[in-house]
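Engineer: Below are the sequence and a predicted model; questions follow.
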Amino acid sequence: MLEFMQQLINGLSLGAIYALIALGYTMVYGIIKLINFAHGEIMMVGAYVGFFSISVFGSHIIVAMLFAMIACAILGVIIEKIAYRPLRGATRIAALITAIGVSLFLQYTTVFFLSPQQRIFPQTAFQTKDYLIAGLSISNKDVFIFVSALILMAILQFIIRKTRTGKAMRAVSLDRDAAVLMGISVDRTISITFAIGSSLAAAAGIMVGIYYSTINPLMGILPGLKAFVAAVLGGIGIVPGAMVGGFLIGILETLVSGYGNSLYRDAVVFGVLILILLVKPTGIFGKNTGEKV
Amino acid sequence: MKKILKNKLSQFIINVIILAAIFTIVQYMLNVGILNRFYEITLTSMCINIILAVSLNLINGFTGQLSLGHAGFMAIGAYVSVVITNYFELPLIIGLIGGCLGAAIAGFIIGVPTLRLKGDYLAIATLGFGEIIRVLLQNIDYVGGPAGISGIAKQTNWAWLFGSVILTVIIIQNIINSSYGRAIISVREDEIAAEVMGVNTTNYKVLAFVIGALFAGLAGGLYGHYFYIIKPETFNFLKSFDILVMVVLGGLGSTTGAIIAAIFITVLTAALQAFPAVRMIIYALILILVMIYRPQGLMGNKELTIRSFGKIWGEKR
């Protein structure tokens, strides 16, 4: 039982990271029905921005995180303007292929300029300490990741539920044409969605850096895909669903590597995806909507 | 000249003559040594890529179902055929057939449940399946786990490659031009309308998926018997993206487009061998720019035939 609790605690911090990334996927999908394949790469860029702001400027981890979030918010908006906006009327497959292209572009421009080697995330920024509480070993990095993720999610919920911008975002995702008629600037709302989603990914990138203590240009692929699975699991387009899905996937992954074979953990996550797509494609929180001709 | 070109029989004869000429010239150049080892490897990759691109084009281009797991089927083809020839010491032809069947069966098992999904969901599900195949191969000790199988006898030669390419193109072209093909294309154009007209869309989607997987298996078998070694890492989703780039560039729904793009991408890859990052950046830009400025690809759904050459020639006169 104690070991199970321990795995659960390990899973929570990983789950928090997945949940943050999944939020970006789900928000973008909710508003323009696009799987933003490049989302994992935005997380990677965030990790690199954090890495350099710590190692070059010696900034505090919180400052580094804010800095990465701002940088990635700008990056996200630029990507949307250049690559996705011209395709807004195109087929969804065309948009998806473009997203794959953006993802490859970010990966390999990073490889080109910063070398494919992995870098050690600066330990000076975050001294890890393990605490023993009631027989469970809890690291301060787990606490840090979990708490800051919760804070970010609370801020996001506040923005979506209580502000005018959030209302506009909800309106556009519900019915874009009606939103336009109500005087909402759709382009601006989509840009803001990308900015918020990307900044959450950047925060997740820093957390991945702390969690695994190494970063590399291809680090965004797998967490990105798993976070996508989390978004689908919770019901893509539904914000609370992404949070729940993220935690579930994170805990599942640590349980598989803790009790089973860690080599299978990626396969298990994809297995979950296929299962959920076959059984309930709309996800845990999704509502069934019939197809209209 | 125009009259001769219009005649179907004479067109067929012209095709055969041209293909025979290409085959003989390349074989001669390989024998004499004008084409050295580097060119031979490029040529082999070219043929394998053509098979992959043409078969993926059947799924992505003609049926309109975005699959991102083609490398997984290639992996199954490669592993099954190598196990047959290396472990059981049976001839190459049986290995290749076994590889094709293995990939086709995998395509069927994966296709039946996933093809109920649409668009981007399908893309992710196939990507997931491709990765699952890779992870499973990594964990099967019988086929060497992550290290894969090495020391495979090199049996793939120009005759096998050329024959396989021709076979793939002919079979897929014939499917597309048959009533099956029209049904398949109707699924891409408008699935609901096709269903209303009595086309069993799921059947045709699975059919296209299985045939595409079958030829990916063939490509995998040829690959395994040329490069001495196969390992799961070779067949990751970046390989699937490679094939996707060819199909997108050539035109979703144009076999000749897929062939031209496969040749172009292979040459580009060979030329940029020393700069892998640059190559991937170019791939990425191809995907983005083609989608923004020419979403139908270079060829769209048009085919390049002898007749179209004849047309150009006729117009010039």
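Structural biologist: Noted; the coordinates are in hand.
Engineer: Can you tell me the element residue 113 falls in?
Structural biologist: Picked chain A for this. Element membership for A:Phe113, per DSSP states H and E: helix A:92-114.
Engineer: Hmm, no, I was thinking of chain B.
Structural biologist: helix B:92-114.
Engineer: could you dump that helix to CSV, C-alpha only?
Structural biologist: Provided in CSV are the C-alpha atoms of helix B:92-114 (Å, rounded to 0.1, in the frame of the first residue of the first chain):
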residue,chain,number,x,y,z
LEU,B,92,13.6,-14.4,-50.6
ILE,B,93,10.4,-14.6,-52.6
ILE,B,94,8.7,-16.5,-49.7
GLY,B,95,10.1,-14.0,-47.3
LEU,B,96,8.7,-11.1,-49.3
ILE,B,97,5.3,-12.7,-49.7
GLY,B,98,5.3,-13.5,-45.9
GLY,B,99,6.2,-9.9,-45.1
CYS,B,100,3.4,-8.6,-47.3
LEU,B,101,0.9,-10.9,-45.8
GLY,B,102,2.1,-10.0,-42.3
ALA,B,103,1.7,-6.3,-42.9
ALA,B,104,-1.6,-6.8,-44.6
ILE,B,105,-3.0,-8.8,-41.6
ALA,B,106,-1.7,-6.1,-39.3
GLY,B,107,-3.3,-3.5,-41.5
PHE,B,108,-6.6,-5.4,-41.2
ILE,B,109,-6.4,-5.8,-37.5
ILE,B,110,-5.6,-2.1,-37.0
GLY,B,111,-7.8,-0.8,-39.8
VAL,B,112,-11.1,-2.4,-38.8
PRO,B,113,-11.4,-0.6,-35.4
THR,B,114,-9.6,2.6,-36.2
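Engineer: buried stuff in that helix?
Structural biologist: B:92, B:95-107, B:110-111, B:114 (16 or more other Cβ atoms under 10 Å in any protein chain shown). C-beta: built from backbone N, CA, C; applies to glycine.
Engineer: Just name the shakiest helix or strand of chain A by mean pLDDT.
Structural biologist: Within chain A, no helix or strand scores below strand A:130-133, which has a mean of 78 by mean pLDDT, DSSP states H and E.
Engineer: Can you give me the buried ones in the next helix or strand after that one?
Structural biologist: Using DSSP H and E, the next helix or strand after strand A:130-133 towards the C-terminus is strand A:136-139. For strand A:136-139, burial by neighbour count (16+ other Cβ under 10 Å) applies to A:Ile138, A:Ser139.
Engineer: for stretch A:209-219, same thing?
Structural biologist: A:Gly209, A:Ile210, A:Tyr211, A:Tyr212, A:Ile215, A:Asn216, A:Pro217, A:Leu218, A:Met219.
Engineer: from those residues, which single one is nearest B:Gly212?
Structural biologist: Nearest to B:Gly212 among the buried residues of stretch A:209-219, counting by Cβ to Cβ, is A:Leu218 at 27.5 Å.
Engineer: What score does that closest one have for pLDDT?
Structural biologist: On pLDDT, A:Leu218 comes in at 88.
Engineer: Against A:Leu273, how distant is it?
Structural biologist: Distance, A:Leu218 to A:Leu273, using Cβ to Cβ, to the nearest Å: 20 Å.
Engineer: B:Thr269 too?
Structural biologist: For B:Thr269, the distance to A:Leu273 (Cβ to Cβ) stands at 31 Å.
Engineer: of those two, who's got more company?
Structural biologist: Per other Cβ atoms under 10 Å in any protein chain shown, whichever of B:Thr269 and A:Leu273 has more neighbours is A:Leu273, with 26 against 18.
Engineer: Check whether that one really touches B:Phe129, as I assumed.
Structural biologist: No: contact between A:Leu273 and B:Phe129 fails when scored by Cβ atoms under 8 Å: they sit 9.5 Å apart.
Engineer: just for the stretch 151-300 of chain B, where's the confidence low?
Structural biologist: Applying pLDDT under 70 to the stretch 151-300 of chain B picks out no residues at all.
Engineer: Distance of the residue of it at minimum distance from chain A relative to A:Thr98?
Structural biologist: Closest approach between the stretch 151-300 of chain B and chain A, counting by Cβ to the nearest Cβ: B:Leu287, at 3.0 Å. Using Cβ to Cβ, we find B:Leu287 at a distance of 7 Å from A:Thr98.
Engineer: between these two, which one's more packed in?
Structural biologist: Neighbour count, other Cβ under 10 Å: between B:Leu287 and A:Thr98, A:Thr98 has more, with 28 against 25.
Engineer: In this structure the more buried one contacts A:Tyr84, no?
Structural biologist: Yes: applying Cβ under 8 Å as the test, A:Thr98 and A:Tyr84 come out as touching, 6.7 Å apart.
Engineer: ok, which stretches of the stretch 1-150 of chain B are helices?
Structural biologist: Along the stretch 1-150 of chain B, counting by DSSP state H, counting those that start in this stretch, helices occupy B:2-6, B:8-32, B:37-57, B:70-82, B:92-114, B:119-139.
Engineer: Mind telling me which of these the model trusts least?
Structural biologist: helix B:2-6 (a mean of 57).
Engineer: ok, the closest residue to B:Gly251 other than its chain neighbours - contacts?
Structural biologist: Using Cβ to Cβ, 6 or more residues apart in numbering or on different chains and skipping residues adjacent in sequence, the residue nearest B:Gly251 is B:Gly297, 3.1 Å away. By Cβ atoms under 8 Å, 6 or more residues apart in numbering or on different chains, the contact set of B:Gly297 is B:Val247, B:Val248, B:Leu249, B:Gly250, B:Gly251, B:Leu252, B:Ser254, B:Gly257, B:Ala261, B:Val290.
Engineer: Need the phi and psi values for the fifth one.
Structural biologist: Spelled out, that is B:Gly251. Main-chain dihedrals, B:Gly251, degrees, to the nearest 10: phi 120, psi 120.
Engineer: ditto for A:Pro217
Structural biologist: For A:Pro217, the backbone dihedrals (degrees, to the nearest 10) come out as phi -60, psi -20.
Engineer: Is it correct that it is in contact with A:Phe105?
Structural biologist: No: counting by Cβ under 8 Å, A:Pro217 stays clear of A:Phe105, with 11.6 Å between them.
Engineer: So the helix holding B:Pro113, near chain A or not?
Structural biologist: Yes: Helix B:92-114 reaches chain A (Cβ under 8 Å from any Cβ of the partner chain) through B:Pro113, B:Thr114.
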